[in-house]
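S.K.: show me the folded form of this:
(2 chains)
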Number of protein chains: 2
Amino acid sequence: MKTAIVCIGDELLNGFTIDGNSSWIAKKILPYNLDVNLIINLKDSVEDIKEKIDHLIKSDYSYIFFTGGLGPTHDDVTKTAFLEYFKSDLFLYKPHYEKINNYFKNKKLKINLSHLKSQSEILSNSKPLNNSSGTALGMALKFKNIQIFILPGVPFEMKNMFEKEIIPNYISVNNSYTQNNLTLLTSGISESRLYDMLEKYISDNSDTKFSFLPSFKGVKIRLEVNKNNVKYIDTVKNDLYNKIGSYIYGYDEDSIEEVIANYLFDRNLSISIAESCTGGIISSKLTDVPGSSKFFKGSIIAYSNDIKENLLSISSDLLLQKGAVSSEVALSMARKVSEKFETDIGVSTTGISGPSGGSDSKPIGLVYVAVVFKDIEIVKKFNLYPERKIHREVTSHVALNMLRKLFL
Amino acid sequence: MKTAIVCIGDELLNGFTIDGNSSWIAKKILPYNLDVNLIINLKDSVEDIKEKIDHLIKSDYSYIFFTGGLGPTHDDVTKTAFLEYFKSDLFLYKPHYEKINNYFKNKKLKINLSHLKSQSEILSNSKPLNNSSGTALGMALKFKNIQIFILPGVPFEMKNMFEKEIIPNYISVNNSYTQNNLTLLTSGISESRLYDMLEKYISDNSDTKFSFLPSFKGVKIRLEVNKNNVKYIDTVKNDLYNKIGSYIYGYDEDSIEEVIANYLFDRNLSISIAESCTGGIISSKLTDVPGSSKFFKGSIIAYSNDIKENLLSISSDLLLQKGAVSSEVALSMARKVSEKFETDIGVSTTGISGPSGGSDSKPIGLVYVAVVFKDIEIVKKFNLYPERKIHREVTSHVALNMLRKLFL
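M.R.: Numbers count the residues shown, from 1 in each chain, chains lettered A, B, ... in the order given. Take a look at the predicted model:
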């Protein structure tokens, strides 16, 4: 089913906002065999939109999704373009008009009645798509054999409309659901090393498509099997697990902090963290997980040496002799925080994220990460990319990966 | 100067990655009067790419930017599509070949010579664009009056090539630089209230284009003045400052944490934070600012009541009587953290981010934020959106905004 997505809005073409809608839609419809061949971003221009409607309708698309330009202001011209192209009329969809009218009345909000009316009008050749989180109605229309959808551009509204109106009423009824892809999330190994380990397997399995997406947090491997043999996805998953399993921390939308949260929760273990250069990132990631209060007790962010000494009780001699960025101090920080917070596990980071603070013996990028858990005491030294934001993010991820490996 | 951007890669059309390149390019070239009318995402398909080259070349574009599909694997077919379309030849650009060959030899990395060769080959009708951070050469070619660029898709490589090769050699030499837009960053006020305050001004200034972009962190207002009257941007900026100045925390790429960092640095003030529900987010934002060790001493993340009592010395009676989520505990946390860390300013958060932990009297979404600075003690209660991630982010932003307002 050849599919196109068109996102409309000046803000997409002047760099003010990134188009996240089309990627979201593409991912959502892929399992229903709607294959997105084209994504387009257009300005709020009646002529541009009409030209594109014409071009797309004359190509062999089965589904076309439009988002954006349905608001009440003069910038929003998507509906006008469709009106002119189809020489259609407007039709006031009263149930919606009454619904939003009542909403504003109940909230005692100032109402612009002409706005409310225009937001409730749809093309006479279309069916309404309810908007559960905004004022603009969406529209579904069939032209020849092409199913066209016109949706609001506000991501929250668009996504709700898509999940509540479009998927159940238009997509799932006409197309079977076949999830034929899986993303493996790896950490602690580079793309080229992964590729070396998998090169032969990939060339031996040419029916399966492999894509690698490296980032500072690890490499994602996306695999896509033939739609006629979806069960093969489990075979590939198992094969890859046997080859690179220790690097795989999860699948699809998993996060490494959720994986760790589950480990800790299942084993009834508690954790505390002493963060220096990461300044709270590790703690904020772990507490992002719902229910984290069951295993996370707290942290000390010891940014200055005073605080390391006074609040974490790191010996001033040690700080003086070895320096704050040292394996000894890292280890002491992890031990002390777990003592003070009375937790099973203590984690620490201390390093130089830059842009200043480096020296010949301790350059920017140097960092020590320690994990302490019962008899296990691990401290590791890394020289990471010497750019502040990246350094802090990668250090945090490295610490989480060390935590994860405790339970392998 | 009518401009199109085409980003190529299967991963953009199956929802595996969001296209951030086109937005970045659009923003970069806007001041040079390159007006992006069209953004397209295409699959790694020779036929699709050829069809689009043909279509775009026959339209009246002055500049067309292509990114993606220049890598060494069989998926990367952008060069093939151009070769076929222009019936061109390949040309080995030896300086690049030798450069990357030497790089791999020096690093003692395994070399696939055919890959290196293909990465150093360009269309014979093009000029090379050096890649300072990857292996694939870019290409610049002129066809009739259209300037075409073919760039790698890896964001880091593309951006470096764009800034080092394209802007200085092709864009800035042919186009004058006119920055005619400005983004005002506001916090602590809703989009509709802002719009009410500015409605008359906006309609009186119809030559200036105003766009509003609300998010959970505040509302961005983008203004764009006529290119023939760029100085008017200062007039509008001043006018808006007079109307909504107390809500404006910065412009364009500023962040609220940088603004606060500058306030603290200029006044030689130190800060510490006691975070409960925000779990480290505020600390991580402040320490994201380079040089933050000059004002940030540290934090205690007191997630459990034990820790609030034992490490922050919050009275157990107070915790029992008022509950951890109360204005009294918030205030005590801010006071105690500034005492323990010996800082001028103390900040605290305590709230219920959900998904569990709410009650009738203290529902999910409730949060108290306190700021203590010399004689000033402020504690505020908020009922924020009861979704965990959003609640934590908004609470952090609210705390930063309260900090900012200390210095107005």
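S.K.: list the contacts for the residue of the stretch 101-250 of chain A found nearest chain B?
M.R.: Chain B sits closest to residue A:222 of the stretch 101-250 of chain A, with a gap of 5.4 Å, by C-beta to the nearest C-beta. C-beta here means a position set from N, CA and C on the backbone, and glycine is covered the same way. Listed by C-beta atoms under 8 Å, 6 or more residues apart in numbering or on different chains, the contact partners of residue A:222 are A:181-184, A:210-213, B:11, B:16.
S.K.: SS state for it?
M.R.: At residue A:222 the chain is in strand, as set by DSSP: H, G, I helix; E, B strand; the rest coil.
S.K.: give me the pLDDT value at the residue of chain A most remote from its centre.
M.R.: Distance from the C-alpha centroid of chain A, by C-alpha atoms, centre = their mean, peaks at residue A:317 (44.6 Å). pLDDT recorded at residue A:317 is 97.
S.K.: and residue A:332, by the same measure?
M.R.: Listed pLDDT for residue A:332 reads 98.
S.K.: for residue A:333, phi and psi?
M.R.: Main-chain torsions, residue A:333, degrees, to the nearest 10: phi -60, psi -40.
S.K.: how much space between it and chain B?
M.R.: Applying C-beta to the nearest C-beta, to the nearest Å, one obtains 12 Å for the distance of residue A:333 from chain B.
S.K.: for that residue, what are its contacts?
M.R.: A:274, A:276, A:302, A:308, A:312, A:314, A:346, A:348, A:350, A:370.
S.K.: and if you look at residue A:96?
M.R.: A:119-120, A:128, A:130-131, A:137.
S.K.: report the buried residues of the helix or strand residue A:183 falls within.
M.R.: Using DSSP states H and E, residue A:183 sits within strand A:181-186. The neighbour-count check on strand A:181-186 (16 or more other C-beta atoms under 10 Å in any protein chain shown) flags A:181-186 as buried.
S.K.: quick check: the farthest pair among those?
M.R.: A:181 and A:186 (16.3 Å; C-beta to C-beta).
S.K.: any idea how far apart the tips of stretch A:272-289 sit?
M.R.: Stretch A:272-289 has an end-to-end distance of 15 Å (criterion: C-alpha to C-alpha, to the nearest Å).
S.K.: tell me which parts of the stretch 301-408 of chain A are close to chain B?
M.R.: Within the stretch 301-408 of chain A, the positions adjacent to chain B are A:301-304, A:306-307, A:311, A:340-342, A:354-357, A:388-389, A:392 by C-beta under 8 Å from any C-beta of the partner chain.
S.K.: in helices only, show me the residues you listed.
M.R.: A:306-307, A:340, A:388-389, A:392 (DSSP state H).
S.K.: pick the one among the residues you listed closest to chain B.
M.R.: Using C-beta to the nearest C-beta, these come closest to chain B at residue A:307, 4.0 Å.
S.K.: skipping adjacent residues, who's closest to the closest one in space?
M.R.: residue B:298 (4.0 Å; C-beta to C-beta, 6 or more residues apart in numbering or on different chains).
S.K.: show me where pLDDT drops low in chain A?
M.R.: Across chain A, nothing is flagged by pLDDT under 70.
S.K.: grab the most central residue of it for me.
M.R.: Nearest to the geometric centre of chain A sits residue A:253, at 7.7 Å (C-alpha atoms, centre = their mean).
S.K.: and it, how close does it get to residue B:363?
M.R.: 28 Å (C-beta to C-beta, to the nearest Å).
S.K.: residue ranges for the helices of the stretch 151-300 of chain A, please.
M.R.: For the stretch 151-300 of chain A, applying DSSP state H, counting those that start in this stretch gives helices covering A:155-161, A:191-204, A:232-244, A:256-267, A:281-287.
S.K.: let me know which of these is tucked in deepest.
M.R.: helix A:281-287 (a mean of 28; mean count of other C-beta atoms under 10 Å in any protein chain shown).
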